[in-house]
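Enquirer: Return a 3D structure for these sequence lines:
(4 chains)
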4 protein chains.
Amino acid sequence: MVIVMQEGASEAQIQHVIDRLVAHGFNVHRSTGESHTVLGAVGVHRDFDHRDFELLDGVREVMRITQPFKLASRQFRPEGTIVDLGHGVKIGGPEVVVAAGPCSVESREQIFCVAECVAKAGAKILRGGAFKPRTSPYAFQGMGEPGLKLMREAADQFRLSTVSEVMDPSQIQMMLPYVDMFQVGARNMQNYYLLRALGEIRKPVLLKRGLSATMEELLLSAEYILSGGNYNVVLCERGIRTFETYTRNTFDLAAIPVIKKLSHLPIIGDPSHATGRRDKVPPMARAAVAAGADGLIIEVHNDPDRALSDGAQSLEPSTFTQLMAELRIIAPAIGRRVA
Amino acid sequence: MVIVMQEGASEAQIQHVIDRLVAHGFNVHRSTGESHTVLGAVGVHRDFDHRDFELLDGVREVMRITQPFKLASRQFRPEGTIVDLGHGVKIGGPEVVVAAGPCSVESREQIFCVAECVAKAGAKILRGGAFKPRTSPYAFQGMGEPGLKLMREAADQFRLSTVSEVMDPSQIQMMLPYVDMFQVGARNMQNYYLLRALGEIRKPVLLKRGLSATMEELLLSAEYILSGGNYNVVLCERGIRTFETYTRNTFDLAAIPVIKKLSHLPIIGDPSHATGRRDKVPPMARAAVAAGADGLIIEVHNDPDRALSDGAQSLEPSTFTQLMAELRIIAPAIGRRVA
Amino acid sequence: MVIVMQEGASEAQIQHVIDRLVAHGFNVHRSTGESHTVLGAVGVHRDFDHRDFELLDGVREVMRITQPFKLASRQFRPEGTIVDLGHGVKIGGPEVVVAAGPCSVESREQIFCVAECVAKAGAKILRGGAFKPRTSPYAFQGMGEPGLKLMREAADQFRLSTVSEVMDPSQIQMMLPYVDMFQVGARNMQNYYLLRALGEIRKPVLLKRGLSATMEELLLSAEYILSGGNYNVVLCERGIRTFETYTRNTFDLAAIPVIKKLSHLPIIGDPSHATGRRDKVPPMARAAVAAGADGLIIEVHNDPDRALSDGAQSLEPSTFTQLMAELRIIAPAIGRRVA
Amino acid sequence: MVIVMQEGASEAQIQHVIDRLVAHGFNVHRSTGESHTVLGAVGVHRDFDHRDFELLDGVREVMRITQPFKLASRQFRPEGTIVDLGHGVKIGGPEVVVAAGPCSVESREQIFCVAECVAKAGAKILRGGAFKPRTSPYAFQGMGEPGLKLMREAADQFRLSTVSEVMDPSQIQMMLPYVDMFQVGARNMQNYYLLRALGEIRKPVLLKRGLSATMEELLLSAEYILSGGNYNVVLCERGIRTFETYTRNTFDLAAIPVIKKLSHLPIIGDPSHATGRRDKVPPMARAAVAAGADGLIIEVHNDPDRALSDGAQSLEPSTFTQLMAELRIIAPAIGRRVA
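Expert: The predicted structure follows:
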């Protein structure tokens, strides 16, 4: 921690701050400049509320120097993590992995139809919601376990891995046989009970960035899972909330190169939720791959106009196939490939 | 729902939209203007994704006309709701009710000391956390049930009601004897499992606005609780996340008069979390009352510099007493009073 | 400036950073901790792009320690500045000064009618726009100089000072006889040509915070005027742009106590532009005074429904009179008074 | 305009609204539904403050149906606009055009050196600032006209077009011989005096989106220029201000496909200002092209570490050359090409 004293801070004020720091077990280095005195407090206190010092008399600013996350940091595993979903699906390697499927599993016909087309187009993972966190209590809440069963069958038939959202710790055991990766939605990014529970298992977890979460907060939520011993975490940028309303959210693509520098965890992009509109998904999906995403998760529906949820942001199978072709051209520009 | 067609939309496009609306069970009114054709779709479909129509050819804009929340709306209960915590503590009436106490219950000495001083100063509710949602997994996570016991004892001794945060449905039964009002924190505002569980009980719930939640989303989360049959909901404005970082969050005080117009539920302000700094709490607490808040929730600690959490935003007892005196002067300006 | 090296930064990397700092004329203090090496660079370089160092190998973070503004800082004039508009109107003293009037001057009848009522209610300054920065080129752009003449006459008749917006340096000389304070609108907060020109004169300037300006940027814009020799600057919080759209902007009232600590300049609040809706102006005006504002600027129109601009956020004279009565009750809570 | 009445609005309230609409010259269509009465007001009033009606008793919501911009809308010129800078440089056609150069022109050596390398790498336009809008009054403010002269000479020698920022109407005539495109910076996006002055000339204008400007506001600012008769406008997405601070701004790439649908004007991306960090520029530049940008404007400096401004976000010539090679691979994915 570094503490910058105000210009003209008194010797007594400076000494008081030094005493407080020592009392907290820090080693203090003092440097006196023409305009400011700066105190360097050395010693690792990962959970230290630096605001406590900002309020002391004579203090101008306090700056934390220890990164608040440890296991999620790039320094912890410089070579980067590759998350293996089995069936040869690896996220974080040379291949850009695409997960695709409906927002919600609605019927056997629907999920099999979508699974077949996305598998043909090159997707490696089938996505499908069975428990839906809906803003309105009056909205369709998902099929539950029967939906997961159907998704698993469809995925197995077309050799796809599966990912689906978990909303509460009580669902984890039941979901284990059906999903190859658990998804934590944006609204639950800071549901610490859920994160701790997912740290206890060893299956991969897809952790979506919250609507107003900073990149650091996303990594701290990942830290909850990692600190439980589960290192199979994939991050997901899905748009943040800003003043702009033409798109549902603002797709913060710079998060991809930033997180890749800060952390060893893979990160994928979700252009469907980021934009909220079908016609904006292909350009943003291409942009995510060009920015270096390790993968994509895209909503595809065989009949978007009749989807029970998020039809407006679901691609038609034909559009998805065309998009995959475009991604195959883009990926090599950065030494990646798309199946 | 109202659908505005683009200038020059073809008759075929217009007819296609009309057919789709009728197929969805709407009655359609068409008005043809010099530049635009406007379609009015009448019929209540509380969960209708209007984006589905925005994507049809020839459509310029689609506007929802049914408010998405019903039980939380002012029309549902024009006279306004008064939430009764017992012991004569009523939120939403002529009295501005103040809840005060430490961020976390830390010890018997601490909670009794704080309870005594806030009671003397005029607070009616004792706040204290036993389960803390911390951004870092390495931070103090709260005392748990023993902390709740201590808070209850202290509150009873000084004739205060109690409020404490619940983080998971599994905690509700255990907490019932200790709290007079359950608090749902900002991070859990859209934890629908928790909201539904709180809809099943009849104790008051203090629902905090999420960091990036719109006022409408806050009311929709309240709707989850109300739709379960629990009408004892108090809303709380505690700051939103914006680009400004001098304060921890941006205290959106306009939410108070806006929500009072949209909804019958009481709303209080939390200047401690909104600003994150002790020295900014009194001015923002005064502002909240002047803006019409039904109450306040304020962090007070007998020894802020040694608090285990959020000491930086906790008031000294003497500052709190001074603040209460100022509030007694302000409240009458809008026909309210402070105990 | 303080530079924190990454864990495991090499000695060569550290030495390279030190050499670069010395080359830039800094004195460097080095402190080596168990996990991090921290370099303190002493010496004032008010315009130094610290990002240049963030990019060097081995650097984790770089923190500026010299405040970027000097003349606007509280340290420069600890006792605070009182801006005198003449006619006994002083902003920054014990009295909370209210400026009121129409968004735009529209006619002699209108401005005289409004001037009379706001003067009677206790306002000390008449506001009225003659040059309107409108988002749309097709909107009413103001009466120009004739409007200023009318405002001056009305103000003189009812013993009010005047404030009006200047949009371009070319208008300053012409406006001098008509205005007692020049207003710089939010859109022009970073129009540096205009700010420099206003630094050349000695009349008070009301500088409004930009829609997305941080408090620091507001003070840096003030610094442009102060550095020209004009110390008569009054700041104005008028709402910032956030994701919330129920109100036109989000009134960042915490800016008032924050700026009062950072700077010696007076700061007033503009609840009319902050909320954009007449019915939200009184509560936010009360809140601003309770938060410690040195004054208010409020839009009042004798016939809001027929106003040529911003009628929706203009108060009826009777509402304004009622509001002033409420403010007289609130101000004493913080040792201030309202005329 | 469409007006939705509240549930239970009285017949008198409805009639009052209808009378007001008719008085404003609208034709009114009324549709009465089971829960709401909806009024359609037909007739074009491009500058109508719909908030005036929101405040009438019984009104729930008012929705504008006429787009506020006309000349900038896609409907006005469905085929799209191609802006010709001369020398065969056309923005908006099949070729993705890249402008590159230093933030500020600093010396003959510097600008010639940079011009040569960017020309070799495939850039078609040389960028260079001579008048710099700096947040701090103490920062380097640019070389002025001599800088423009040097830029022009360098551009001519290496067959490049030029673009440079204009800050005030008084500079336009002087700059005409030196620039092929005038740049309006983000801070001046709503400097209407400047926009109107640029509408009077016929040279291309590069209009940058303001830090907190919506896409609609960007198009309205373009409308100021177009309404003066200058149709040679190129828009630029350069990042918006959000709560995320890891990058200088948040690059809102979705603005590219959205604006292309709303308007006929070309739009380019500025990854240098959007990210503020050299190492984030290449991924975001690739992403912008993949999203469909008509061009890019990138800061390149022969010696970034010694740049007088924005060195931190300037690319080394070698990195720029490598980036251009990557863009040549990406562009064909969407049927475009890079020189």
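Enquirer: Let me see the ranges of the strands in the stretch 151-300 of chain A.
Expert: A:161-165, A:181-184, A:205-208, A:233-237, A:267-269, A:295-299 (DSSP state E, counting those that start in this stretch).
Enquirer: and those strands as TSV, adding distance to chain B and mean neighbour count?
Expert: Any C-beta I mention is one placed from the backbone N, CA and C, and that applies to glycine too. Shown next, in TSV, are the strands of the stretch 151-300 of chain A (distance: least, Cβ to the nearest Cβ, whole Å; neighbours: other Cβ atoms under 10 Å in any protein chain shown):
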stretch	distance to chain B	mean neighbour count
strand A:161-165	12	24
strand A:181-184	12	24
strand A:205-208	13	27
strand A:233-237	13	27
strand A:267-269	20	27
strand A:295-299	13	28
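Enquirer: Dump these to a markdown table, plus mean pLDDT and distance to A:Val89.
Expert: Listed next are the strands of the stretch 151-300 of chain A as a markdown table, based on pLDDT from 0 to 100; distance: least, Cβ to Cβ, whole Å:
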| stretch | mean pLDDT | distance to A:Val89 |
| --- | --- | --- |
| strand A:161-165 | 98 | 5 |
| strand A:181-184 | 98 | 9 |
| strand A:205-208 | 98 | 12 |
| strand A:233-237 | 98 | 11 |
| strand A:267-269 | 98 | 12 |
| strand A:295-299 | 97 | 10 |
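Enquirer: from the stretch 1-150 of chain A, which residue is nearest to chain B?
Expert: Across the stretch 1-150 of chain A, the shortest distance to chain B (Cβ to the nearest Cβ) belongs to A:Arg51, at 3.4 Å.
Enquirer: Now distance to D:Gln75 too, for the strands of the stretch 151-300 of chain A, in a markdown table please.
Expert: Shown next, in a markdown table, are the strands of the stretch 151-300 of chain A (distance: least, Cβ to Cβ, whole Å):
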| stretch | distance to D:Gln75 |
| --- | --- |
| strand A:161-165 | 40 |
| strand A:181-184 | 41 |
| strand A:205-208 | 37 |
| strand A:233-237 | 34 |
| strand A:267-269 | 32 |
| strand A:295-299 | 30 |
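Enquirer: Can you check which of these gets nearest to A:Leu71?
Expert: strand A:233-237 (9.6 Å; Cβ to Cβ).
Enquirer: how does chain A divide into domains?
Expert: Under the assignment automatic domain parsing, the domains of chain A span A:2-63, A:83-338.
Enquirer: about what we covered before: tell me who's in contact with the residue of the stretch 1-150 of chain A closest to chain B.
Expert: Counting by Cβ atoms under 8 Å, 6 or more residues apart in numbering or on different chains, A:Arg51 makes contact with A:62, B:276-277, B:312-313.
Enquirer: Restricted to helices, list these.
Expert: Within the contacts of A:Arg51, no residue falls in helices by DSSP state H.
Enquirer: Going by neighbour count, which of those residues are buried?
Expert: Neighbour counting over those (16 or more other Cβ atoms under 10 Å in any protein chain shown) leaves A:62, B:276-277, B:312-313 as the buried ones.
Enquirer: Just send the residues you listed back as JSON lines, with distance to chain D and pLDDT too.
Expert: Below are the buried ones among the contacts of A:Arg51 laid out as JSON lines (distance: Cβ to the nearest Cβ, whole Å; pLDDT from 0 to 100):
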{"residue": "A:Val62", "distance to chain D": "17", "pLDDT": "83"}
{"residue": "B:Gly276", "distance to chain D": "14", "pLDDT": "92"}
{"residue": "B:Arg277", "distance to chain D": "18", "pLDDT": "90"}
{"residue": "B:Ala312", "distance to chain D": "20", "pLDDT": "82"}
{"residue": "B:Gln313", "distance to chain D": "19", "pLDDT": "87"}
